[in-house]
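Colleague: here is a sequence with its predicted model. Questions after.
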Amino acid sequence: MFDKSTWIKLPRNVVVGHGVVDELGETISDLHLTGEPLIITSPTPNELAGGLVRAQVPESATIIVEEASFESIERVIETAQAQAADYLIGLGGGKPIDIAKMAADEINCGLVSLPTAASHDGIVSGRSSIPEGDSRHSVAADPPLAVVADTEIMAKAPWELTTAGCADIISNYTAVQDWRLAKRLKNVEYSEYAGALSEMTAEMLVDNADSIKPNLEESAWIVVKALVSSGVAMSIAGSSRPASGAEHLISHQLDRIAPGQALHGHQVGVASIITEYLHNGDGGQWRAIRDALKSIDAPTTAAEIGISDDDLLEALTTAHEIRDRYTILGNGVSLDAAYETAAVTGVIDRQ
Ligand SMILES: NC(=O)C1=CN([C@@H]2O[C@H](COP(=O)(O)OP(=O)(O)OC[C@H]3O[C@@H](n4cnc5c(N)ncnc54)[C@H](OP(=O)(O)O)[C@@H]3O)[C@@H](O)[C@H]2O)C=CC1
Ligand SMILES: O=C(CO)COP(=O)(O)O
Ligand SMILES: [Zn+2]
């Protein structure tokens, strides 16, 4: 069956490189954005780059958000409307960028995004993902008009933020398997292009793992390119399916059960070892995924991400409830099966 129409929304300008934060003003002019922006950021990115951003834009207010929540989005929307902001600037990691993306979409204004860490693949995606009560609100939202990714800033960020971005990309392997499974069992719409791009992105990152090292700006480059590519796959799909399967459901549950323990990318990486095992058993690629994560210094066990065995097992047995997205978790994994899978793969120690 052919789609009657397909909308693929992508950023117009993606500027990546050393010191490109200084090109923010030029990027804004190139987009013909005029007037006064509202800057949405979080504490650390604001300290690191808020001044550089404010120096290049006209009079602007700044909102500092502490958590990804609908309350934060409301605050941004109210401030933007009260100040008649002409466009938004999202500065930081995934949290402020997703908040800014959803707020910009809601008030129908442009967004320029300045990621300060290569920690997640929402940098260019047309998705915004916010926890809501016991579930996760992951919705289509216009992608940023422009992304200005300064590899100098990103390379100086703590190394674990970069390894989290790598793990978010490595999790594409299992996300695409879940997507194909859902196509076979539930006839969900599947895009060959988006699936192939997502898998190729993970493949290229793993092939380049030897060049991904701390304090090496080239590493930030490699990872940002992968994050952009993965975000484009999501935009082609019109869904986060290419980059978010059962491993993301487990991570979203961990965010509820053990909030603030670990970075998003690290959680999805550890969870993808488990979901690869669930897909393909011992003969599958779970060791290859674990080794790829290890090769870029990403965690591979629950203990390494500060999650107790009990919390991990609770997340694994309840993750299928968080969202209407069919995956290898099906209608739920039993506690026995969850324990066996986590123990066989070394994610938890066998008691
Ligand atoms: N929309 C999409 O398609 C996607 C969305 N996501 C979402 O993104 C979020 C995960 O992104 P992530 O970046 O891990 O989350 P955060 O924005 O919470 O950033 C993680 C941490 O890094 C800090 N930080 C950011 N930049 C720097 C820097 N340069 N130097 C030092 N510290 C820095 C932040 O500081 P501070 O504490 O001050 O904020 C925060 O403590 C999740 O909410 C996830 O759901 C993930 C993938 C795709
Ligand atoms: O994190 C994501 C992709 O890496 C976004 O996926 P979700 O739709 O599960 O929030
Ligand atoms: Zn992710």
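Modeller: Arrived safely. Ligands and ions are numbered 1, 2, ... in the order given.

Colleague: just give me the longest helix of this structure.
Modeller: As assigned by DSSP state H, the longest helix anywhere in the chain is helix 217-237.

Colleague: from this protein, which residue is nearest to ligand 1?
Modeller: Using C-beta to the nearest ligand atom, the single residue of the chain nearest to ligand 1 is residue 94, 2.0 Å away. In this view, the C-beta of every residue, glycine as well, is placed from N, C-alpha and C.

Colleague: please tell me how far that residue sits from residue 23.
Modeller: Noted for residue 94: a distance of 22 Å to residue 23, by C-beta to C-beta, to the nearest Å.

Colleague: more neighbours, these two?
Modeller: Just comparing residue 94 and residue 23: by other C-beta atoms under 10 Å the higher neighbour count belongs to residue 94, 27 against 17.

Colleague: what's the nearest residue to the more buried one if we skip its chain neighbours?
Modeller: Using C-beta to C-beta, 6 or more residues apart in numbering and skipping the chain neighbours, the partner closest in space to residue 94 is residue 120 (3.9 Å).

Colleague: with residue 58 instead?
Modeller: For residue 58, ignoring the flanking residues on the chain, the nearest one in space by C-beta to C-beta, 6+ apart is residue 36 at 5.4 Å.

Colleague: what residues does this protein put near ligand 1?
Modeller: Contact residues (C-beta under 6 Å from any ligand atom) of the chain with ligand 1: 42-45, 48, 68, 92-95, 98, 116-117, 119-122, 125, 127-129, 153, 157-158, 161, 164, 168, 234, 240, 263-264.

Colleague: those strands in the protein, which residues are they?
Modeller: 13-17, 37-41, 61-64, 87-92, 110-115, 127-132, 135-140, 146-150 (DSSP state E).

Colleague: which elements pack onto the fourth one?
Modeller: Under the contact criterion of 3 or more C-beta pairs under 8 Å, 6 or more residues apart in numbering; DSSP states H and E, the helices and strands touching strand 87-92 comprise strand 37-41, helix 43-45, helix 94-107, strand 110-115.

Colleague: in TSV, list these along with distance to residue 14 and mean pLDDT.
Modeller: Output for those, formatted as TSV (distance: least, C-beta to C-beta, whole Å; pLDDT from 0 to 100):
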stretch	distance to residue 14	mean pLDDT
strand 37-41	19	98
helix 43-45	19	98
helix 94-107	14	96
strand 110-115	10	98
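
Colleague: save the ones you listed as JSON lines, and put in distance to residue 288 too.
Modeller: Shown next, in JSON lines, are the helices and strands packed on strand 87-92 (distance: least, C-beta to C-beta, whole Å):
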{"stretch": "strand 37-41", "distance to residue 288": "38"}
{"stretch": "helix 43-45", "distance to residue 288": "34"}
{"stretch": "helix 94-107", "distance to residue 288": "26"}
{"stretch": "strand 110-115", "distance to residue 288": "28"}
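
Colleague: select, out of the ones you listed, the one closest to residue 209.
Modeller: strand 110-115 (21.2 Å; C-beta to C-beta).

Colleague: who's in contact with the closest one?
Modeller: Residues from elsewhere that reach strand 110-115, judged by C-beta atoms under 8 Å, 6 or more residues apart in numbering: 11, 21, 24, 27-28, 31, 33, 37, 49, 53, 86-93, 97, 100-101, 104, 123-124, 142, 144-150, 154, 224.

Colleague: cool, stretch 50-62 as well?
Modeller: By C-beta under 8 Å, 6+ apart, the surrounding residues in contact with stretch 50-62 are 21-22, 24-25, 28, 35-41, 46, 79, 83, 85, 89, 91, 114.

Colleague: switch to 6 Å and redo it
Modeller: Here stretch 50-62 makes contact (C-beta atoms under 6 Å, 6 or more residues apart in numbering) with 21, 24, 25, 36, 37, 38, 39, 41, 83, 91.

Colleague: stretch 216-228 too?
Modeller: Contact partners of stretch 216-228, identified using C-beta under 6 Å, 6+ apart, comprise 14, 16, 118, 121, 123-124, 149, 151, 154-155, 162, 165-166, 169, 201, 205, 208, 212-213.

Colleague: that older thread, how near is the residue of the chain closest to ligand 1 to residue 263?
Modeller: 9 Å.

Colleague: how near is the residue nearest to residue 94 to residue 95?
Modeller: 9 Å.

Colleague: one more: residue 34?
Modeller: For residue 34, the distance to residue 95 - C-beta to C-beta - is 28 Å.

Colleague: the more surrounded of the two?
Modeller: Shown here are residue 34 and residue 95; by other C-beta under 10 Å, residue 95 has more neighbours (25 against 10).

Colleague: can you list the residues of the stretch 101-250 of the chain near ligand 2?
Modeller: Near ligand 2, when you scan the stretch 101-250 of the chain using C-beta under 6 Å from any ligand atom, you find 121, 127, 129, 136, 138, 168, 240, 243, 244, 248.

Colleague: most neighbours among these, which one is it?
Modeller: residue 168 (36 neighbours).
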